[in-house]
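> predicted model and sequence follow; I will ask about them next.
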Amino acid sequence: MDDWNLTHHTENGLLDRVRNHGIPMAEAEAMTIEFLREHCIGGISPLCGNTIGQDRRFLRRYMPELHDFFHYRSVDVTSIKQLVDRWYPDLPRATKPAGHRALDDIRGSIAELEHYREHIFRD
């Protein structure tokens, strides 16, 4: 783990939580796939979120079944943000939680996409 991740995840308590209360990775992968199967069909849903290149590399290496559950295409909200910042510089930015925890990040990415849909991708 690099210095940024070590410092950041020590400060936000994630490392302690994983070390003391963590679920084994194989079990977490199986639970995630089970949850996703209740909501979408494997191989169809793209991987979505902010700056998800590293997420996809992690999944490919450590959770290959979960990686393969997703379509090979991605919806990277950060790419949309980069375009909006350049093409619509006067548009107020979407706000996101700063905690960098999975559920908060997911909710933040959804809210950010809703912001862009409301202000940019209108009917």
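Yes, it's here.
> so where do the strands sit in this structure?
47-49, 74-76 (DSSP state E).
> kindly reformat those as a markdown table containing mean neighbour count.
(Each C-beta comes from the backbone N, C-alpha and C, glycine too.) Formatted as a markdown table, these follow (neighbours: other CB atoms under 10 Å):
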| stretch | mean neighbour count |
| --- | --- |
| strand 47-49 | 19 |
| strand 74-76 | 17 |
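> mean pLDDT and distance to Arg19 added to those, as JSON lines?
What follows is the strands of the chain, written out as JSON lines (pLDDT from 0 to 100; distance: least, CB to CB, whole Å):
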{"stretch": "strand 47-49", "mean pLDDT": "94", "distance to Arg19": "25"}
{"stretch": "strand 74-76", "mean pLDDT": "96", "distance to Arg19": "30"}
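> nearest to Gln82 among those would be which one?
Nearest to Gln82, of all these, is strand 74-76, at 9.2 Å by CB to CB.
> what's the closest one packed up against?
strand 47-49 (3 or more CB pairs under 8 Å, 6 or more residues apart in numbering; DSSP states H and E).
> so what sits opposite the residue nearest the centre of the chain in the bridge?
For the chain, the residue nearest the mean C-alpha position is Gly49 (3.9 Å; CA atoms, centre = their mean). Going by DSSP bridges, Gly49 is paired in beta bridges with Asp76.
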